[in-house]
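K.L.:
Mind folding the following:
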Amino acid sequence: MPDEPMTLLFNAALGRGLLLLNHLLMSEPAACARLLPHAGKCLYVTWQVAPGPWPRPRDLAVLVTPAGLFERAPQTCEPVADLRVGIELPAPHLLALRWLGGQRPSVTIDGDASLATDIGWLADNLRWDMEHDLARLVGDAVAYRLAGVARAVREALRPPAARVAGWAAAGDVGPAAAQ
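P.N.:
As a prediction, this is how the structure comes out:
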């Protein structure tokens, strides 16, 4: 049976996400250095999808390269994965609200403790310097302004997004439900 369009879209986004992750790793030499000892190890990522009309994306098998980057691995690495990572994917609107509210998805980790520690370090310390990347395209002044606008919009949306995400998690539909 052919894949549904949303599954294809999600899997394409995962590929682009892996490219972005490698871009971030290459811009931070300490991050690549932390992954170098794990070259050849397999990470297997599964998705815990909330019930709803959206399809469940395929699991993702990733290898650490000798350069300290990531590449997609064949699904056959799943039985021998050095690290298994389960990521909760709530409904897309809740995921966006949680992200805007500064929350991360729930994650479960099982396997190689050293690799898990370094992946955790990456999650805590690796950040995208969007302004630097934009400056290469549009110049420093425009990049500075665009990044400032993006930060201001995110900060303005953070409190209401966190409130709505809290209501949704509690099963409320909003402030009217409290009356």
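K.L.:
Quick one: mean pLDDT for stretch 158-177?
P.N.:
Over the span of stretch 158-177, the pLDDT mean works out to 63.
K.L.:
Quick check: can you list the domain ranges of the protein?
P.N.:
Recorded structural domains for the chain (assignment: automatic domain parsing) are 1-127, 129-179.
K.L.:
from these, which stretch is densest packed?
P.N.:
The highest average neighbour count among those, using mean count of other CB atoms under 10 Å, belongs to domain 1-127 at a mean of 15. Any C-beta I mention is one placed from the backbone N, CA and C, and that applies to glycine too.
K.L.:
and the helix or strand harbouring Trp47, which strands flank it?
P.N.:
With elements taken from DSSP states H and E, the one containing Trp47 is strand 42-49. Here strand 42-49 has these sheet partners by DSSP bridges: strand 60-64 (antiparallel), strand 83-89 (parallel).
K.L.:
could you point out which element follows the last one?
P.N.:
Okay, so that is strand 83-89. Next along the chain from strand 83-89, counting by DSSP H and E, comes helix 92-100.
K.L.:
Lowest mean pLDDT across the domains of the chain, which one is that?
P.N.:
domain 129-179 (a mean of 70).
K.L.:
Hey, what's the angle from the longest helix anywhere in the chain to helix 92-100? Just curious.
P.N.:
For the chain, the longest helix by residue count, based on DSSP state H, is helix 140-170. Counting by axes from the mean of the first three to the mean of the last three CA atoms, to 10 degrees, helix 140-170 lies at 120 degrees to helix 92-100.
K.L.:
how far is helix 140-170 from where the chain is centred?
P.N.:
17 Å (CA atoms, centre = their mean, to the nearest Å).
K.L.:
which helices and strands sit right next to it?
P.N.:
helix 92-100, helix 130-138 (3 or more CB pairs under 8 Å, 6 or more residues apart in numbering; DSSP states H and E).
K.L.:
helix/strand/coil for Gln103?
P.N.:
Following DSSP: H, G, I helix; E, B strand; the rest coil, Gln103 is assigned to coil.
K.L.:
pretty sure it contacts Ala162?
P.N.:
Yes. When contacts are counted by CB atoms under 8 Å, Gln103 is listed as touching Ala162 (7.4 Å).
K.L.:
excluding its backbone neighbours, what's nearest Leu69?
P.N.:
Sequence neighbours aside, Asn22 is the residue nearest to Leu69 in space, at 4.7 Å (criterion: CB to CB, 6 or more residues apart in numbering).
K.L.:
that's a helix at that neighbour, yeah?
P.N.:
Yes. Counting by three-state DSSP, Asn22 falls inside a helix.
K.L.:
how about the nearest residue to Val45 once chain neighbours are set aside, what does it touch?
P.N.:
Leaving aside its sequence neighbours, Val45 sits nearest to Leu60 (CB to CB, 6+ apart; 4.2 Å). Neighbour list for Leu60: Leu14, Tyr44, Val45, Arg72 [criterion: CB atoms under 8 Å, 6 or more residues apart in numbering].
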